[in-house]
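K.L.:
sequence first, predicted coordinates after that:
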Amino acid sequence: MTSMKRRIFLKGSLATGAVGIAVSTGLLTPRVSIAAWSKAAFEAKDVNGAVSALFGSSSMSDSDKISIKAPDIAENGAVVPVSVTTSVDGASSISILADQNAAPLTAEFILGPGAEGYVSTRIKMGKTANVIAVVKAGEKLYSAKKEVKVTIGGCGG
Amino acid sequence: MASIKMRAKVDDGVTTIKALISHPMDTGLVKDKKTGQTIPAHFIQEVVCKHKDTTVLTANWGAAISKNPYLSFKFKGAAAGDTVSLSWVDNKGEKDSAEATIK
């Protein structure tokens, strides 16, 4: 009887383990359309990993229809104001990433009906990095970036 | 109830929402200087803003959003006097919501 239980337990843990690995390697991409919080995307260690976990593809084209408003020099990396405005037709979501952060994806904003292509928030940045805005329109991804220098120690250097 | 401060203003058919939420937004990477213990991650994961049962914005956040988050966005289709609601849920399942009347 005990060995029976052990068998079931092993089976169960093996099964969940396999799913966990599949999710972390991006084989099972959580779909963004159901508005679920994508653990894989937020824990991804690089920009491409985060974008592909979020959208299922990391092919982005640069667009001049996206503008990022952020300071050139941020004295305090804990509070960096970032605004993204886009005039891309049919934009359905705006995501903000900081490429040198341990986990680059900071936020994903899903625009509902009537929402304008504008979001503004404040993010944390570990060090000088590019702030990348990714806009999804239809099945395509558009991006723009802006470098923000983060001054360490607040000495204004 | 008191964790959200929100303002909504309509101008030329476009409503601008500005919201401030009080929340520690701990990343789970920082150590407490006194005890040396890592402060566990505690951050808002989802913010939803609704106007008349229509979800105008869903924000999925990671821990890299600043402490006491600020959020601003714009949408069309609302009039002065309408009510908008904002709610958030964090990774510990805590939540809060607030309503504001569009001016």
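P.N.:
Cool, got the structure.

K.L.:
the one residue sitting closest to the centre of chain A bridge partners, please.
P.N.:
Centroid-nearest residue in chain A: A:Leu105, 2.9 Å away (criterion: Cα atoms, centre = their mean). Here A:Leu105 sits in beta bridges with A:Leu97, going by DSSP bridges.

K.L.:
measure B:Asp82 to chain A for me?
P.N.:
Distance, B:Asp82 to chain A, using Cβ to the nearest Cβ, to the nearest Å: 12 Å. Every C-beta, even on glycine, is put in place using the N, C-alpha and C of the backbone.

K.L.:
oh, that last question was meant for B:Lys92, not what I typed.
P.N.:
13 Å.

K.L.:
residues contacting that residue?
P.N.:
With contact set as Cβ atoms under 8 Å, 6 or more residues apart in numbering or on different chains, B:Lys92 has these partners: B:His42.

K.L.:
and it, what element?
P.N.:
Here B:Lys92, judged by DSSP states H and E, is contained in no helix and no strand.

K.L.:
pLDDT wise, what is it at?
P.N.:
The score at B:Lys92 is 90. That number is its pLDDT.

K.L.:
phi and psi next, for it.
P.N.:
phi -100, psi 10 (degrees, to the nearest 10).

K.L.:
same thing with A:Ile73?
P.N.:
phi -130, psi 120.

K.L.:
so what's it bridging to?
P.N.:
A:Lys149.

K.L.:
what does B:Cys49 give?
P.N.:
Beta-bridge partners, per DSSP bridges, of B:Cys49: B:Leu57, B:Leu86.

K.L.:
hmm, it is touching B:Ile17, no?
P.N.:
Yes. Counting by Cβ atoms under 8 Å, B:Ile17 is a contact partner of B:Cys49 at 6.4 Å.

K.L.:
can you list residues touching both of these two?
P.N.:
What both B:Cys49 and B:Ile17 touch, as defined by Cβ under 8 Å, 6+ apart, is the set B:Leu57, B:Phe73, B:Val84, B:Leu86.

K.L.:
let's have those in a markdown table, adding neighbour count.
P.N.:
Formatted as a markdown table, the shared contacts of B:Cys49 and B:Ile17 follow (neighbours: other Cβ atoms under 10 Å in any protein chain shown):
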| residue | neighbour count |
| --- | --- |
| B:Leu57 | 26 |
| B:Phe73 | 25 |
| B:Val84 | 22 |
| B:Leu86 | 23 |
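
K.L.:
got CSV for these, with pLDDT too?
P.N.:
Shown next, in CSV, are the shared contacts of B:Cys49 and B:Ile17 (pLDDT from 0 to 100):
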residue, pLDDT
B:Leu57, 93
B:Phe73, 94
B:Val84, 94
B:Leu86, 94
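
K.L.:
which parts of chain A sit against chain B?
P.N.:
Near chain B, the residues belonging to chain A are A:35, A:37-38, A:42, A:78-81, A:83, A:98, A:101-103, A:105-116, A:118-125 when assessed by Cβ under 8 Å from any Cβ of the partner chain.

K.L.:
ok, 7 Å please
P.N.:
A:35, A:37-38, A:42, A:78-79, A:98, A:101, A:103, A:105-116, A:118-124 (Cβ under 7 Å from any Cβ of the partner chain).
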